[in-house]
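sequence first, then the predicted structure, then my questions.
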Amino acid sequence: MKKNLFLFIFLIPVFLLAQSRNDDLIHWKERQKLSWADYQGKPDPNADAAASTATFLGVEYNFKNGNLGYIITCSFSKSKSWGLHKNDYILAHEQGHFDIAEIFARELYRKLKEYSFDKRSYQTDLRKIYEDITKAKEAMQNQYDLETNHSINKEKQAEWLEKISRELKSLEAFAGY
């Protein structure tokens, strides 16, 4: 029996968006850092922030020939991201947000690899796994901004960039999903 299930979910920290054209998205790569040229969105006139980074954590599931398959994406939207005060220090803070999204893409991959497929409950199970990961991602993004005061606290900013780097390293086995 051949069944297909496709579920594609994108989440960004503040709101949900439909996928834009592919050239709008930058997929996370270890050796590719963001630049201010990537920030092509229109700044929010009411925002207090120096910049905003829109990241997407997506997963496509399929069930085919009795096997569960999935594709995970961690992306940055050029058209939804913007910067008012563009300097290297603020860009490093914003890169931190993209790197946090990658941490949770790897966590999602780890959880999906550990998942024991159950035909009766897999839809509910997979939804819960995704929701738990995105809640944890959101909590870490908020904690990052809170503790660094949106990069103003330079000591905490440096600590967080080290923490993010350590987390990425610890999940290296789950990169390349």
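Noted; the coordinates are in hand.

use CA for all of it now, contacts and neighbours both
Fine.

now whichever strand or helix holds A105: mean pLDDT?
Using DSSP states H and E, A105 falls within helix 88-114. Mean per-residue pLDDT for helix 88-114: 98.

stretch 22-38 now?
The model assigns stretch 22-38 a mean pLDDT of 96.

what about stretch 100-117, distance to the chain center?
How far stretch 100-117 lies from its chain's middle: 12 Å, per C-alpha atoms, centre = their mean, to the nearest Å.

buried ones in it?
100-112, 117 (16 or more other C-alpha atoms under 10 Å).

swap in stretch 126-144?
Applying 16+ other C-alpha under 10 Å to stretch 126-144 flags L126, Y130, I133, T134, K137, E138, M140, Q141, Y144 as buried.

show residues contacting that stretch.
Counting contacts by C-alpha atoms under 8 Å, 6 or more residues apart in numbering, the residues outside stretch 126-144 that touch it are 11, 13, 57, 97, 100-101, 104, 107-108, 111-112, 150, 160.

same deal with stretch 147-155?
By C-alpha under 8 Å, 6+ apart, stretch 147-155 touches A49, I90, H93, Y144, D145, K156, Q157, W160.

go on, stretch 112-123?
L68, L126, I129.

need those in TSV with pLDDT and secondary structure, can you?
As requested, the contacts of stretch 112-123 are exported to TSV (pLDDT from 0 to 100; DSSP: H, G, I helix; E, B strand; the rest coil):
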residue	pLDDT	secondary structure
L68	84	strand
L126	95	helix
I129	98	helix
